[in-house]
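> Can you look at this prediction? I've put the sequence above it.
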Amino acid sequence: MKVSQLKKNLFFLMIFLSSVATSYAQQTGLKGKIVDASSNANLFEVLITIEGTLVSTTTNTDGEFDFGSAQLPFGEQVAVISKEGYVTKRFPIIINEGSILDLKTIDLDYDLNQEQIQIGTISLSDNELDDGDDNASFNVSGLLQASRDVFLSAAAFDFSATFFRPRGLGNENGKVLINGIEMNKFSTGRPQWSNWGGLNDVQRNQEFSMGIAANDYTFGDLSGTTNIIMRASQYRKGGRISYAASNRSYTGRMMASYSSGLMSDGWAYTVSLARRMGTEGFIDGTLYDANSIFASVEKKINDKHSINLTSFYTPNRRGRSTAITEEVFNLRGRKYNPNWGYFDGEKKNSRIREIEEPVAMLNHYWNITNKTTLNTNVGFQTGKIGNSRIDNGGTDLVTFNGQDTYVGGGRSRDTNPMHPSNLPSFYLQDANPTPLDFQNAFLAQQRFRADGQLDWNNLIEANQLNRQQGGNSTYILYEDRNDDTQWTFNTILNSQVSDNISINGSINYRTLKSENFAEVLDLLGGTGFLDVDGFALDNPLLSSSQLADRAQSDLRNRNRLVGVGDRYDYNYEIDANTFGGFAQAQFKFNRVDFFLGGNVSQTSYQRNGLFQNGYFPNNSFGKGEKLEFTNYGAKAGLTYKINGRNLIDVHGTYFTKAPTIRNAYANVRQNNITVSDIVGGDQESEKIQSFDASYILRTPKLKARVTGYYTKIEDATDIGFFFTNAISGSFVQEILTDIDKLHIGAEFGIEYQITPTIKLKAAAAIGQFTFDNNPNLTLTSTSEGFTNLSQGAVIEPAPRSFGKSFLEDYNIAGGPQNAAQFGFEYRDPNFWWVGATTNYFSNAYIDVSPLTRTENFSIDPETEIPFNDYDENIARELLRQEQFDDYFLVNVVGGKSWRVKDYYIGFFATINNVFNQEYRTGGFEQARNADYRAALEESQRDTPVFGSRYFYGFGTSYYLNVYVRF
């Protein structure tokens with residue numbers, strides 16, 4: 001679709017939704033203004049409800065409310081005034097027919113107990129999100145608003161530590177906005193939480209729309225939309241200093257913030273500083289080093305215009321851990337991490353994730369009328385994401401008679417401490433082990449238990465020996481880098497057309513320039529590193545000159561010796577752009593509220609190779625094909641108010657979604673080949689349809705919600721990378737296309753206020769998340785099994801189709817599909833509180849290997865003909881998906897606050913997994929032995945050599961936060 005046609009679609013979409021506007025006659029009125037009792041600041045989005053009726057409204061940015069033409073009940077009534085973080089007030093009133101009642105100014109007192117909950121929520125979210133990375137499989141969006149819903153509160157506070165995903169959906173299925181600007185990444189579709197990590201105090205103002213509910217800023221996504229408001233004038237005047245201690249990810253956190261509030265001259269500012277640190281968290285060797293700085297300044301020019309500038313910078317470094325096999329777990333426990341080793345007497349992690357991506361945004365707020373606003377935003381983000389690791393592929397160049405040969409390369413020792421050759425099972429893999437095998441297994445067990453860590457000194461000594469002999473480094477430390485620069489422009493319109501109808505719309509544009517490369521960090525005592533692929537040198541099908549060409553990372557700079565700071569191995573750029581619009585109309589009546597919304601967008605990606613790769617000399621350098629995806633969507637929702645306490649809520653949507661950059665290219669580091677090239681046609685966008693229905697009960701003492709949902713995702717793509725022996729011992733890219741997924745289930749939450757101080761609560765989730773078809777599987781690789789010759793000439797490695805991967809009805813991995821909770825809270829009038837929950841989890845599954853579930857499973861990799869001993873019944877058992885054990889977790893939380901003159905002093909503490917339960921949060925099958933005979937041999941061993949790898953949850957952990965507010 002051309003841009004001009006896209007603009008026309010956006011225009012007609014806005015016109016259609018705005019054409020439903022009608023007007024209604026005025027009636028008896030009720031109005032007033034709500035302010036903060038201590039600061040006298042205007043309070044925004046305060047809910048005012050006439051008790052026992054369906055009539056309600058909210059305050060505007062000036063703290064004012066007006067019921068307008070709503071049909072108010074006459075006589076003596078009670079106005080219930082409530083806002084998150086404030087003590088709810090019940091205000092007796094008398095409404096007379098034909099007159100307008102003006103309540104003037106009403107103040108609300110700050111709720112210290114609720115502040116404790118809020119501090120705990122933000123702190124826990126920061127801690128939990130820090131435990132993941134951009135592959136985090138849990139979604140805790142909208143945590144502040146979660147406290148209003150029993151089920152979401154359980155999912156946020158207690159379920160998320162197990163990688164539980166509400167409705168089986170990951171972070172890529174939710175939208176995170178800051179000041180109306182989308183923060184989800186082009187590359188993965190996920191928000192990069194650490195970009196604003198540590199800024200707890202300035203994340204308190206949030207707007208959350210659950211699932212596909214109506215949203216004032218954007219079309220949204222299946223997991224909901226969170227808009228974090230970082231606008232200087234919206235922060236409560238005052239300051240806060242706090243310190244937190246934990247044994248989860250970081251061990252200490254210091255934080256300070258101050259907000260001026262809106263001053264008499266129209267200016268407002270907010271600043272925040274934080275530091276989080278730790279030599280290691282619960283998992284061994286997981287360094288944490290993070291700083292955060294935030295500043296926001298706003299000028300209210302007049303009653304119609306305000307300009308806000310917000311910026312934040314949160315550089316952070318994290319030591320990473322990895323999944324381990326059951327054998328390793330039995331030898332070293334769940335805290336074991338193979339990525340670190342001692343260097344100069346300190347633990348040094350080889351896998352460091354470093355993120356530095358400062359953000360700046362300029363926001364203009366225009367009150368066109370008292371019922372129409374226009375918010376225009378410009379956002380800028382730049383910086384880097386680096387993931388370090390060890391490269392053990394160093395080689396030496398030897399030239400004889402004009403012929404280049406290489407020594408070393410892929411034959412150097414693997415540095416992974418938990419490589420199978422370092423474990424006892426490696427020596428006991430034969431059916432009848434010898435006494436020597438048992439002795440070697442015992443020695444391996446003793447060595448691994450005594451040490452089992454990365455040997456930095458050994459790597460350095462090997463390089464120093466090479467240096468003395470005139471050779472290059474065999475081992476180096478490098479990092480995979482993504483240096484992104486992104487601009488975002490959008491404008492958001494909100495208009496109250498009448499007392500019953502409002503319209504929302506937005507137009508947005510995002511553009512990204514992404515540089516991707518490997519960079520040398522440390523030569524580890526050596527002199528230089530030869531930039532060639534050592535694994536290319538092991539192909540017997542090719543001549544020496546052909547091997548020399550194929551080994552080059554960049555044919556334009558052959559046999560380049562690189563040093564610290566140099567780019568090597570791969571180097572390319574991605575240009576990405578998206579332009580789209582969204583429109584929505586909301587209708588609110590006494591008995592029924594409903595909305596209609598739609599969106600349309602166009603997304604494009606283009607790779608520009610800066611290296612000419614030796615494997616792909618004709619398809620790696622320069623600009624590749626420009627990929628374009630046109631997407632659209634529609635959604636609708638209805639709330640039927642049976643009465644003031646019982647509601648029925650229904651939502652439905654259908655929309656399409658462009659694949660992320662990661663899932664659009666077959667092997668983006670080495671070539672310009674796209675998934676479209678692989679499938680032999682245009683790659684399709686995901687097609688998503690979803691429906692949910694809820695019954696909601698709200699009484700002064702009892703609150704409950706039960707929801708059923710159905711979600712179907714079609715034509716998805718997923719790309720993975722691994723090594724397998726099933727195809728001539730190859731490093732491969734696994735491209736799974738035309739994936740259909742089905743998510744069905746129910747959510748339930750209930751809480752009962754037994755007394756003013758004691759509350760009981762319960763929550764449950766039952767889900768079934770499965771593959772709904774057999775997707776297509778294609779592998780690409782540069783290994784021998786993918787080498788192509790034509791009359792002796794080498795041509796570029798070609799993809800290899802494996803047909804269908806028989807995944808239908810297999811469960812989608814990603815935490816437990818079922819969860820339940822029962823708990824209580826006690827809130828004392830003297831501002832202390834305590835709570836406890838017991839949580840049950842079940843139906844968590846391992847991530848299965850798609851390659852293992854193709855026809856290739858029955859093929860002998862050596863003869864390429866079917867196994868003559870293949871047994872269907874045995875194969876079915878070998879391919880059965882592993883289900884993890886059920887488990888219980890008990891969590892305790894509490895806090896206390898004091899008011900000393902104008903100061904508030906308090907603490908918040910939580911203990912998770914009180915009884916130190918051991919449990920698996922996830923895992924994956926290794927595809928190394930992806931054929932029947934190899935899988936059968938593995939199953940017959942007491943301890944598999946290439947067994948599945950698992951992630952384990954934390955043991956007993958704590959979090960303590962102490963603060964002073966003024």
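Sure thing, it's come through.
> And the lowest mean pLDDT element among the helices and strands of this structure?
helix 143-146 (a mean of 46; mean pLDDT, DSSP states H and E).
> got the buried residues for stretch 563-577?
566-574, 576-577 (16 or more other Cβ atoms under 10 Å). C-beta: built from backbone N, CA, C; applies to glycine.
> Stretch 283-291 too?
283-290.
> hmm, back to that, after the least confident helix or strand of the chain, which helix or strand is next?
Next along the chain after helix 143-146, taking DSSP states H and E as the criterion, comes helix 150-154.
> Which strands or helices does that following helix pack on?
helix 143-146, strand 702-724, strand 730-753, strand 758-771 (3 or more Cβ pairs under 8 Å, 6 or more residues apart in numbering; DSSP states H and E).
> ranking those by burial, who's on top?
helix 143-146 (a mean of 22; mean count of other Cβ atoms under 10 Å).
> residues of stretch 392-412 that come out buried?
392-397, 404, 406, 408-409, 412.
> Phi and psi next, for the spatially most central residue of the chain.
Centroid-nearest residue in the chain, with Cα atoms, centre = their mean: N171, separated by 3.9 Å. In terms of degrees, to the nearest 10, the main-chain angles of N171 are phi -60, psi -30.
> do L199 as well
Per-residue torsions, L199: phi -90, psi 50 (degrees, to the nearest 10).
> Hmm, the residue nearest to the centre of the chain is touching P191, no?
Yes. Contact criterion Cβ atoms under 8 Å: N171 and P191 qualify, at 6.2 Å.
> could the helices and strands packed on helix 150-154 go into TSV alongside distance to E356?
Listed next are the helices and strands packed on helix 150-154 as TSV, based on distance: least, Cβ to Cβ, whole Å:
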stretch	distance to E356
helix 143-146	25
strand 702-724	25
strand 730-753	29
strand 758-771	36
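> how near is R827 to I750?
Plainly put, R827 is 18 Å away from I750 if you go by Cβ to Cβ, to the nearest Å.
> ditto for L262
Taken as Cβ to Cβ, the span from L262 to I750 is 40 Å.
> and the nearest residue to R248 once chain neighbours are set aside, how many neighbours?
Nearest residue to R248, sequence neighbours excluded (Cβ to Cβ, 6 or more residues apart in numbering): S957, at 5.0 Å. Neighbourhood size, S957 [other Cβ atoms under 10 Å]: 21.
> L273 is in what secondary structure piece?
Assigned by DSSP H and E, L273 falls within strand 267-278.
> between the helices and strands packed on helix 150-154, which gets nearest to G505?
helix 143-146 (23.4 Å; Cβ to Cβ).
> phi, psi of the most far-flung residue of the chain relative to its centre?
The centre of the chain is farthest from one residue, N401, which by Cα atoms, centre = their mean lies 54.9 Å away. When read as degrees, to the nearest 10, the backbone of N401 gives phi 50, psi 40.
> do you know how far it is from R550?
Going from N401 to R550 by Cβ to Cβ gives 20 Å.
> Equivalent analysis for Y288, please.
Distance, Y288 to R550, using Cβ to Cβ: 41 Å.
> Same check on R389?
Distance from R389 to R550, counting by Cβ to Cβ: 23 Å.
> Please identify which of the two sits among more neighbours.
For R389 and R550, the more surrounded residue by other Cβ under 10 Å is R550, and the numbers stand at 25 against 18.
> isn't the more buried one right up against A536?
Yes. R550 is in contact with A536 according to Cβ under 8 Å; the separation is 4.4 Å.
> and for the two, which residues touch both?
Common neighbours of R550 and A536, using Cβ atoms under 8 Å, 6 or more residues apart in numbering, are 614-615, 782.
> Just give me the closest of those to S249.
T782 (36.9 Å).
> Relative to L542, how far out is that closest one?
On the measure of Cβ to Cβ, T782 and L542 end up 12 Å apart.
> so Y959 touches N913, yeah?
No. With contact defined as Cβ under 8 Å, Y959 does not count as touching N913 (12.0 Å).
> could you pull out the helices for the stretch 501-650 of the chain?
Under the criterion DSSP state H, counting those that start in this stretch, the stretch 501-650 of the chain contains helices at 544-550.
> try the chain
3-18, 112-130, 143-146, 150-154, 326-332, 424-427, 435-450, 456-468, 544-550, 675-679, 872-878, 932-939 (DSSP state H).
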